[in-house]
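# have a look; sequence and predicted model below, questions after that.
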Amino acid sequence: GFVLESYVEEIGKSCLAKSLADGKIDKSEFDDGVKVMVHEAKGKLDQAECQRRLKKIAIEGDMKIKEGFLKGGGWFSKIPD
């Protein structure tokens, strides 16, 4: 029943890295990474916590995020730090 947080974060980082094939990470790619992290956390980390951690990983990794400017624009900025 144990989950290593570093393992969950590494899985999330790996998902983001795969999404960078086109140069930027969009909302659906980010959400997919969050879903994988939530699954791997086995109930120990909720969706909001996984979003926060994945955002931190993306910022620290200087990954480019595609936020858009119309409906849903700014989605990445709205995730709390």
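Yep, it's here.
# now do the contacts for the residue nearest to the spatial centre of the chain.
By C-alpha atoms, centre = their mean, the chain has its centre lying nearest to residue 54, at 3.5 Å. Residue 54 makes contact with 12, 16, 30, 33-34, 37, according to C-beta atoms under 8 Å, 6 or more residues apart in numbering. In short, each C-beta sits where N, CA and C put it, glycine included.
# out of those, which are inside helices?
Among these, the members found in helices (DSSP state H) are 12, 16, 30, 33-34, 37.
# nearest to residue 47, of those residues?
The nearest member of those to residue 47, counting by C-beta to C-beta, is residue 34 at 6.3 Å.
# leaving out sequence neighbours, find the closest residue to the closest one.
Of all residues not flanking residue 34 in the chain, residue 50 sits nearest, at 4.9 Å (C-beta to C-beta, 6 or more residues apart in numbering).
# check contacts around the one you found.
Taking C-beta under 8 Å, 6+ apart as the test, what residue 50 contacts is 8, 12, 34, 37-38, 41.
# which residues of this protein score low on pLDDT?
Low-confidence segments of the chain (pLDDT under 70): 1, 69-72.
# for it, which segments count as helices?
5-19, 27-41, 47-60.
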